[in-house]
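Q: I'd like to go over a predicted model; first the sequence, then the structure.
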Amino acid sequence: MTAPIRHFIDIADIDQEQARAIVDHSAQMKQARKGRTKGACDDQTPLEGRILALIFEKPSTRTRVSFDVAMRQLGGETIVLSAQDLQLGRGESEIDTARVLSRYVDAIMIRGNHHEQVKKLAEAASIPVINGLTDFSHPCQIMADVLTFEEHKGPISGKTLAWVGDGNNVAVSWVHAASKFGFELKLGCPPELGLREDVISWAQRENVSFSVHQDPIEAVKGADCVMSDTWVSMGDENPEARRTILGPYQVNEELMAVARSEAIFMHCLPAYRGAEVTAAVIDGPRSVVFDEAENRLHAQKGILAWCFARDAA
């Protein structure tokens, strides 16, 4: 019997054991590369001869470079495509696009605009599809963030993490991760830009340890990690209104002082100093944002290895 295709669309879709295995394998591969030349392949190259299509409907620094390098270090190759390179951007259906690409490449990573479009690609593809970011979620980022947290603070299970800002796609994936890794998540969000109701309902059904606070101080109090994200992302409407609403949710030294004394700060980047976070915090001793950025590479390798491991099942 052929094993099911392993798509990586949302952390919510995989079980606790699989989520844990991806992070642990990512950590192992990072450790194994210590002291090696950055461009060199790993000692084991399980993806030799494989080709990953990287589709970008939105510009990217970390997602593009980390997936490209990850695939190369695992022995594979990549082909990078924008919406302008594909008929998908001119009205060809996701189903036809997925069927065609499945004949050419071995996996697809898409950084897209609409979550439903990525899900349709996965439903029609006969190869793994990885969600590099959508308007709903950002699962690859959070796998790197869990890896980063554990490097600095030990096992994430039982810890308290605080999200400060709007209930965006990164916040959604943090809720999903809380259900798999067993930590408490406290969200400080303005009511106008809060977490989606369907995500709250899902979290309640899954008995996720989470709470939503309008007061950012209440969200951060006693946290082992404080996290934020840019207030205005690509495609957001009314940027000035968003900045006004989110102004009280800036992560500054006063807010960090409410967290545990050894709490760390994470941000998925790009960051805008003086907006969602002050320079004193993001460039200060409690910030681990560049370790976090580096770990995108190692987490992508863990995700790719997990997706392709289905072939050996």
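A: Received the coordinates, thanks. Numbering: from 1, shown residues only.

Q: Where does pLDDT dip in the protein?
A: Where the chain drops to pLDDT under 70, the residues are 1, 40, 43, 89, 234-235, 311-313.

Q: now the helices: where do they sit in it?
A: 16-32, 62-73, 94-104, 115-124, 139-153, 169-181, 197-205, 216-220, 239-246, 253-256, 279-282, 289-309 (DSSP state H).

Q: Could you export those helices as CSV, including distance to residue 45?
A: Glycine gets a C-beta too; all of them are placed from N, C-alpha and C. Formatted as CSV, these follow (distance: least, CB to CB, whole Å):
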stretch, distance to residue 45
helix 16-32, 12
helix 62-73, 8
helix 94-104, 21
helix 115-124, 26
helix 139-153, 21
helix 169-181, 29
helix 197-205, 38
helix 216-220, 43
helix 239-246, 44
helix 253-256, 42
helix 279-282, 36
helix 289-309, 11
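
Q: can you redo those helices as JSON lines with mean neighbour count?
A: Output for these, formatted as JSON lines (neighbours: other CB atoms under 10 Å):
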{"stretch": "helix 16-32", "mean neighbour count": "17"}
{"stretch": "helix 62-73", "mean neighbour count": "21"}
{"stretch": "helix 94-104", "mean neighbour count": "16"}
{"stretch": "helix 115-124", "mean neighbour count": "19"}
{"stretch": "helix 139-153", "mean neighbour count": "24"}
{"stretch": "helix 169-181", "mean neighbour count": "24"}
{"stretch": "helix 197-205", "mean neighbour count": "14"}
{"stretch": "helix 216-220", "mean neighbour count": "22"}
{"stretch": "helix 239-246", "mean neighbour count": "15"}
{"stretch": "helix 253-256", "mean neighbour count": "18"}
{"stretch": "helix 279-282", "mean neighbour count": "18"}
{"stretch": "helix 289-309", "mean neighbour count": "22"}
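
Q: which residues does the closest residue to residue 163 other than its chain neighbours form a beta bridge with?
A: What sits nearest to residue 163 in space, not counting adjacent residues and going by CB to CB, 6 or more residues apart in numbering, is residue 187, at 4.6 Å. Using DSSP bridges, the beta-bridge partners of residue 187 come out as residue 163, residue 212.

Q: can you pull the contacts of the residue nearest the centre of the chain?
A: Among the residues of the chain, the one closest to the centroid is residue 141, at 1.9 Å (CA atoms, centre = their mean). Shown in contact with residue 141 (CB atoms under 8 Å, 6 or more residues apart in numbering): 133, 170, 173, 268, 296.

Q: distance of the last one from residue 85?
A: This means residue 296. Residue 296 sits 23 Å away from residue 85, going by CB to CB, to the nearest Å.
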